[in-house]
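Novice: Would you be able to build a 3D model of this:
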Amino acid sequence: MEKVEIANQQSQSPLYFLKNLLIARWRSLLLLLIGVYLPLQVFEILTVKIWENQAGLPWDAPILLAVHSTANPQLDVLAVTLAIIGLPWTAIPILGAIAIILLLQKRWRSVAYLLTVSVGSIIINRIAKELMHRVRPHLWQSIAPESGFAFPSAHAMTSITLVAILLFLTWASSWRWLVLIFGNLYIIAIAWCRLYLGVHFPSDIIAGWTVALGWTIGVSLIIKPYTIKVQSVDSERPNDETTLLPEERKLISKK
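Specialist: Numbers count the residues shown, from 1 in each chain. Predicted structure coming up:
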(Lines give C-alpha, C1' and ligand atoms only; values in the text may rest on other atoms or scores of the structure.)
Protein backbone atom coordinates (compact mmCIF):
# COMPACT_ATOMS: atom_id res chain seq x y z
CA MET A 1 0.00 0.00 0.00
CA GLU A 2 2.82 2.42 0.84
CA LYS A 3 4.49 1.70 -2.50
CA VAL A 4 1.24 2.53 -4.30
CA GLU A 5 0.90 5.83 -2.41
CA ILE A 6 4.53 6.73 -3.18
CA ALA A 7 3.97 5.94 -6.86
CA ASN A 8 0.82 8.11 -6.91
CA GLN A 9 2.68 11.00 -5.28
CA GLN A 10 5.49 10.72 -7.82
CA SER A 11 3.03 10.67 -10.72
CA GLN A 12 1.56 13.96 -9.49
CA SER A 13 4.92 15.73 -9.10
CA PRO A 14 5.96 18.37 -11.66
CA LEU A 15 9.30 16.66 -12.31
CA TYR A 16 7.59 13.36 -13.11
CA PHE A 17 5.22 15.09 -15.50
CA LEU A 18 8.08 16.99 -17.15
CA LYS A 19 10.08 13.78 -17.59
CA ASN A 20 7.12 12.01 -19.23
CA LEU A 21 6.43 15.02 -21.42
CA LEU A 22 10.03 15.13 -22.67
CA ILE A 23 10.07 11.38 -23.31
CA ALA A 24 6.80 11.48 -25.22
CA ARG A 25 7.69 14.57 -27.27
CA TRP A 26 11.42 14.08 -27.84
CA ARG A 27 11.03 13.66 -31.60
CA SER A 28 9.21 16.96 -31.96
CA LEU A 29 11.72 18.72 -29.72
CA LEU A 30 14.67 17.35 -31.68
CA LEU A 31 13.04 18.35 -34.96
CA LEU A 32 12.34 21.79 -33.53
CA LEU A 33 16.02 22.23 -32.65
CA ILE A 34 17.59 20.85 -35.83
CA GLY A 35 14.90 21.70 -38.36
CA VAL A 36 13.66 25.06 -37.13
CA TYR A 37 16.02 26.79 -34.69
CA LEU A 38 19.33 26.03 -36.43
CA PRO A 39 18.20 27.05 -39.96
CA LEU A 40 16.61 30.25 -38.66
CA GLN A 41 19.77 31.00 -36.66
CA VAL A 42 21.84 30.73 -39.85
CA PHE A 43 19.35 32.97 -41.64
CA GLU A 44 19.60 35.54 -38.86
CA ILE A 45 23.40 35.56 -39.01
CA LEU A 46 23.37 36.04 -42.79
CA THR A 47 20.79 38.81 -42.49
CA VAL A 48 22.87 40.73 -39.96
CA LYS A 49 26.09 40.32 -41.96
CA ILE A 50 24.49 41.46 -45.20
CA TRP A 51 22.70 44.34 -43.50
CA GLU A 52 26.12 45.54 -42.34
CA ASN A 53 27.77 44.94 -45.72
CA GLN A 54 25.54 45.03 -48.80
CA ALA A 55 28.50 44.08 -51.01
CA GLY A 56 28.27 40.56 -49.66
CA LEU A 57 30.29 38.12 -47.65
CA PRO A 58 33.98 37.45 -48.43
CA TRP A 59 33.22 34.15 -50.15
CA ASP A 60 30.30 35.39 -52.29
CA ALA A 61 32.23 36.79 -55.24
CA PRO A 62 34.92 34.04 -55.43
CA ILE A 63 32.25 31.30 -55.58
CA LEU A 64 30.31 33.18 -58.26
CA LEU A 65 33.44 33.67 -60.38
CA ALA A 66 34.40 30.01 -59.96
CA VAL A 67 30.97 28.89 -61.20
CA HIS A 68 31.10 31.38 -64.08
CA SER A 69 34.48 30.03 -65.18
CA THR A 70 32.75 26.82 -66.31
CA ALA A 71 30.41 28.67 -68.71
CA ASN A 72 29.77 27.17 -72.15
CA PRO A 73 26.83 27.22 -74.64
CA GLN A 74 25.41 23.88 -73.45
CA LEU A 75 25.40 24.93 -69.83
CA ASP A 76 23.84 28.27 -70.84
CA VAL A 77 20.80 26.46 -72.24
CA LEU A 78 20.57 24.19 -69.19
CA ALA A 79 20.80 27.09 -66.73
CA VAL A 80 18.11 29.13 -68.48
CA THR A 81 15.82 26.09 -68.64
CA LEU A 82 16.29 25.35 -64.94
CA ALA A 83 15.63 28.99 -64.10
CA ILE A 84 12.26 28.77 -65.85
CA ILE A 85 11.43 25.45 -64.17
CA GLY A 86 12.35 26.86 -60.76
CA LEU A 87 10.18 29.98 -61.04
CA PRO A 88 7.66 30.42 -58.21
CA TRP A 89 4.94 30.83 -60.87
CA THR A 90 5.86 27.42 -62.31
CA ALA A 91 5.29 25.78 -58.93
CA ILE A 92 1.74 27.18 -58.63
CA PRO A 93 0.06 24.77 -61.11
CA ILE A 94 1.97 21.84 -59.57
CA LEU A 95 0.83 22.76 -56.06
CA GLY A 96 -2.68 23.43 -57.37
CA ALA A 97 -2.89 19.95 -58.86
CA ILE A 98 -1.65 18.40 -55.61
CA ALA A 99 -4.21 20.43 -53.63
CA ILE A 100 -7.06 19.21 -55.86
CA ILE A 101 -5.97 15.58 -55.38
CA LEU A 102 -5.81 16.06 -51.62
CA LEU A 103 -9.25 17.68 -51.61
CA LEU A 104 -10.72 14.76 -53.54
CA GLN A 105 -9.14 12.42 -50.99
CA LYS A 106 -10.54 14.58 -48.16
CA ARG A 107 -7.10 15.02 -46.63
CA TRP A 108 -7.96 18.33 -45.03
CA ARG A 109 -4.90 18.48 -42.80
CA SER A 110 -2.58 18.01 -45.76
CA VAL A 111 -4.43 20.69 -47.76
CA ALA A 112 -4.09 23.10 -44.83
CA TYR A 113 -0.36 22.37 -44.64
CA LEU A 114 0.15 22.88 -48.38
CA LEU A 115 -1.70 26.20 -48.47
CA THR A 116 -0.15 27.55 -45.27
CA VAL A 117 3.41 26.68 -46.28
CA SER A 118 3.05 27.91 -49.88
CA VAL A 119 1.40 31.24 -49.11
CA GLY A 120 3.64 31.82 -46.09
CA SER A 121 6.78 31.18 -48.14
CA ILE A 122 5.74 33.81 -50.69
CA ILE A 123 4.94 36.37 -47.99
CA ILE A 124 8.22 35.75 -46.13
CA ASN A 125 10.22 36.15 -49.34
CA ARG A 126 8.48 39.37 -50.35
CA ILE A 127 8.86 40.95 -46.92
CA ALA A 128 12.53 39.96 -46.59
CA LYS A 129 13.39 41.32 -50.03
CA GLU A 130 11.71 44.64 -49.31
CA LEU A 131 13.37 44.97 -45.91
CA MET A 132 16.89 44.06 -47.06
CA HIS A 133 16.93 45.87 -50.45
CA ARG A 134 19.96 43.89 -51.54
CA VAL A 135 20.92 44.48 -55.16
CA ARG A 136 21.84 41.58 -57.41
CA PRO A 137 25.48 40.86 -58.31
CA HIS A 138 26.93 42.54 -61.41
CA LEU A 139 30.19 40.66 -61.88
CA TRP A 140 29.39 39.95 -65.57
CA GLN A 141 26.60 40.44 -68.07
CA SER A 142 24.04 37.73 -67.35
CA ILE A 143 22.37 35.87 -70.24
CA ALA A 144 19.14 35.92 -68.21
CA PRO A 145 19.18 39.14 -66.16
CA GLU A 146 16.75 39.62 -63.29
CA SER A 147 15.23 42.74 -61.77
CA GLY A 148 14.21 43.27 -58.19
CA PHE A 149 16.05 42.56 -54.98
CA ALA A 150 18.17 39.48 -54.36
CA PHE A 151 17.96 38.51 -50.68
CA PRO A 152 16.71 35.85 -50.11
CA SER A 153 16.47 33.87 -53.35
CA ALA A 154 12.86 33.16 -54.34
CA HIS A 155 14.01 30.24 -56.49
CA ALA A 156 15.82 28.68 -53.53
CA MET A 157 12.80 29.14 -51.25
CA THR A 158 10.40 27.74 -53.85
CA SER A 159 12.51 24.62 -54.42
CA ILE A 160 12.77 23.87 -50.69
CA THR A 161 9.06 24.55 -50.14
CA LEU A 162 7.95 22.32 -53.01
CA VAL A 163 10.20 19.42 -52.02
CA ALA A 164 9.26 19.74 -48.33
CA ILE A 165 5.55 19.57 -49.18
CA LEU A 166 6.04 16.47 -51.33
CA LEU A 167 8.26 14.86 -48.70
CA PHE A 168 5.83 15.39 -45.83
CA LEU A 169 2.88 14.17 -47.92
CA THR A 170 4.71 10.97 -48.89
CA TRP A 171 6.39 10.43 -45.52
CA ALA A 172 4.29 7.37 -44.63
CA SER A 173 5.04 5.62 -47.94
CA SER A 174 8.11 4.30 -49.74
CA TRP A 175 7.80 7.20 -52.19
CA ARG A 176 9.56 9.42 -49.66
CA TRP A 177 12.96 8.01 -50.66
CA LEU A 178 12.35 8.88 -54.31
CA VAL A 179 11.21 12.38 -53.33
CA LEU A 180 14.21 12.77 -51.03
CA ILE A 181 16.76 11.78 -53.69
CA PHE A 182 15.35 13.64 -56.68
CA GLY A 183 14.20 16.52 -54.48
CA ASN A 184 17.74 17.18 -53.29
CA LEU A 185 19.04 17.03 -56.87
CA TYR A 186 16.34 19.50 -57.90
CA ILE A 187 17.21 21.89 -55.06
CA ILE A 188 20.92 21.80 -55.91
CA ALA A 189 20.26 22.21 -59.64
CA ILE A 190 18.07 25.28 -59.09
CA ALA A 191 20.69 26.83 -56.80
CA TRP A 192 23.43 26.15 -59.35
CA CYS A 193 21.51 27.83 -62.17
CA ARG A 194 21.04 31.00 -60.10
CA LEU A 195 24.78 31.18 -59.43
CA TYR A 196 25.68 30.26 -63.01
CA LEU A 197 23.46 33.03 -64.37
CA GLY A 198 25.04 35.47 -61.92
CA VAL A 199 21.71 36.74 -60.56
CA HIS A 200 22.24 35.69 -56.95
CA PHE A 201 25.04 35.61 -54.42
CA PRO A 202 25.66 32.27 -52.67
CA SER A 203 24.49 33.90 -49.43
CA ASP A 204 21.13 34.65 -51.10
CA ILE A 205 20.74 30.96 -51.88
CA ILE A 206 21.69 29.80 -48.38
CA ALA A 207 19.37 32.37 -46.83
CA GLY A 208 16.50 31.14 -49.01
CA TRP A 209 17.21 27.52 -48.09
CA THR A 210 17.41 28.13 -44.35
CA VAL A 211 14.35 30.35 -43.93
CA ALA A 212 12.21 28.06 -46.11
CA LEU A 213 13.45 24.99 -44.25
CA GLY A 214 12.67 26.50 -40.86
CA TRP A 215 9.23 27.63 -42.05
CA THR A 216 8.17 24.33 -43.66
CA ILE A 217 9.32 22.20 -40.75
CA GLY A 218 7.90 24.61 -38.16
CA VAL A 219 4.46 24.53 -39.79
CA SER A 220 4.61 20.72 -39.99
CA LEU A 221 5.07 20.54 -36.22
CA ILE A 222 1.85 22.49 -35.75
CA ILE A 223 -0.41 21.13 -38.50
CA LYS A 224 1.22 17.67 -38.70
CA PRO A 225 0.40 16.59 -42.29
CA TYR A 226 1.78 13.16 -41.39
CA THR A 227 1.35 10.96 -38.30
CA ILE A 228 4.26 10.12 -36.00
CA LYS A 229 3.95 7.09 -33.78
CA VAL A 230 5.83 7.00 -30.52
CA GLN A 231 6.03 4.57 -27.63
CA SER A 232 3.68 5.39 -24.79
CA VAL A 233 5.41 6.29 -21.54
CA ASP A 234 2.90 4.33 -19.46
CA SER A 235 2.37 1.22 -21.57
CA GLU A 236 3.68 -0.71 -24.52
CA ARG A 237 0.83 0.48 -26.75
CA PRO A 238 2.03 3.07 -29.33
CA ASN A 239 0.20 6.38 -29.16
CA ASP A 240 0.00 9.28 -31.53
CA GLU A 241 2.45 11.97 -30.49
CA THR A 242 -0.34 14.51 -30.60
CA THR A 243 -2.37 12.71 -27.92
CA LEU A 244 -2.43 13.88 -24.31
CA LEU A 245 -0.36 12.41 -21.53
CA PRO A 246 -2.26 10.75 -18.65
CA GLU A 247 -1.40 13.71 -16.41
CA GLU A 248 -2.88 16.12 -18.96
CA ARG A 249 -6.07 14.07 -19.18
CA LYS A 250 -6.41 14.22 -15.39
CA LEU A 251 -6.09 18.02 -15.42
CA ILE A 252 -8.79 18.32 -18.10
CA SER A 253 -11.13 15.93 -16.27
CA LYS A 254 -10.79 17.95 -13.06
CA LYS A 255 -11.85 21.09 -14.91
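Novice: can you map out the helices along the stretch 101-250 of the chain?
Specialist: 108-132, 154-169, 175-196, 202-223, 246-254 (DSSP state H, counting those that start in this stretch).
Novice: any idea how far the closest residue to residue 128 other than its chain neighbours is from residue 125?
Specialist: Leaving aside its chain neighbours, residue 128 sits nearest to residue 152 (5.5 Å; criterion: Cβ to Cβ, 6 or more residues apart in numbering). From N, CA and C alone the C-beta is placed, and that goes for glycine too. Note on residue 152: its distance to residue 125, by Cβ to Cβ, to the nearest Å, is 6 Å.
Novice: Nearest residue to residue 82 in space, ignoring adjacent ones along the chain?
Specialist: residue 193 (3.9 Å).
Novice: can you count the residues close to the one you found?
Specialist: The local packing of residue 193 (other Cβ atoms under 10 Å) involves 24 other residues.
Novice: Next, the contact list for it, please.
Specialist: Contact partners of residue 193, counting by Cβ atoms under 8 Å, 6 or more residues apart in numbering, are 78-80, 82-83, 86, 155.
Novice: Swap in 10 Å and give it another go.
Specialist: For residue 193, the contacting residues are 67, 75, 78-86, 144, 155, 199-200, by Cβ atoms under 10 Å, 6 or more residues apart in numbering.
Novice: Please indicate which of those are buried?
Specialist: With burial judged by 16 or more other Cβ atoms under 10 Å, the buried subset of those is 67, 79, 82-83, 86, 155, 199-200.
Novice: Please name the residues that touch the nearest residue to residue 132 once chain neighbours are set aside.
Specialist: Counting by Cβ to Cβ, 6+ apart, residue 132 lies nearest to residue 151, which is 4.5 Å off, once chain neighbours are set aside. Contact analysis of residue 151 by Cβ under 10 Å, 6+ apart lists 46-47, 50-51, 54, 56, 125, 128-129, 131-136, 200-201, 203-205, 207-208.
Novice: For PyMOL, write a command that selects the buried ones of those residues.
Specialist: Here is the PyMOL command that selects the buried residues among the contacts of residue 151 (16+ other Cβ under 10 Å):
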select buried, resi 46+47+50+56+125+128+129+132+134+136+200+201+203+204+205+207+208
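Novice: From the buried ones among the contacts of residue 193, which one has the minimum pLDDT?
Specialist: Lowest in pLDDT among those is residue 86, which has 88.
Novice: From residue 50, how far out is that residue?
Specialist: Counting by Cβ to Cβ - residue 86 and residue 50 are separated by 22 Å.
Novice: In a markdown table, list the buried ones among the contacts of residue 193 along with distance to residue 39.
Specialist: Formatted as a markdown table, the buried ones among the contacts of residue 193 follow (distance: Cβ to Cβ, whole Å):
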| residue | distance to residue 39 |
| --- | --- |
| 67 | 23 |
| 79 | 26 |
| 82 | 23 |
| 83 | 24 |
| 86 | 20 |
| 155 | 17 |
| 199 | 23 |
| 200 | 18 |
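Novice: just these now: which is nearest residue 217?
Specialist: residue 155 (19.7 Å; Cβ to Cβ).
Novice: In this structure the closest one contacts residue 188, no?
Specialist: No: in this structure residue 155 lies outside contact range of residue 188 using Cβ atoms under 10 Å: 12.0 Å.
Novice: quick revisit: what's the farthest-apart pair in the buried ones among the contacts of residue 193?
Specialist: That would be 67 and 86, which, of the buried ones among the contacts of residue 193, are the farthest apart (Cβ to Cβ) at 16.0 Å.
Novice: Now residue 200: phi and psi?
Specialist: Backbone torsions for residue 200, taken as degrees, to the nearest 10, come to phi -150, psi 140.
Novice: how much space between the residue nearest to it when sequence neighbours are not counted and residue 67?
Specialist: In space, residue 200 comes closest to residue 194 once its chain neighbours are excluded; the distance is 4.2 Å by Cβ to Cβ, 6+ apart. When distance is defined by Cβ to Cβ, residue 194 is 10 Å away from residue 67.
Novice: try residue 215
Specialist: Taking Cβ to Cβ, one finds residue 215 at 27 Å from residue 67.
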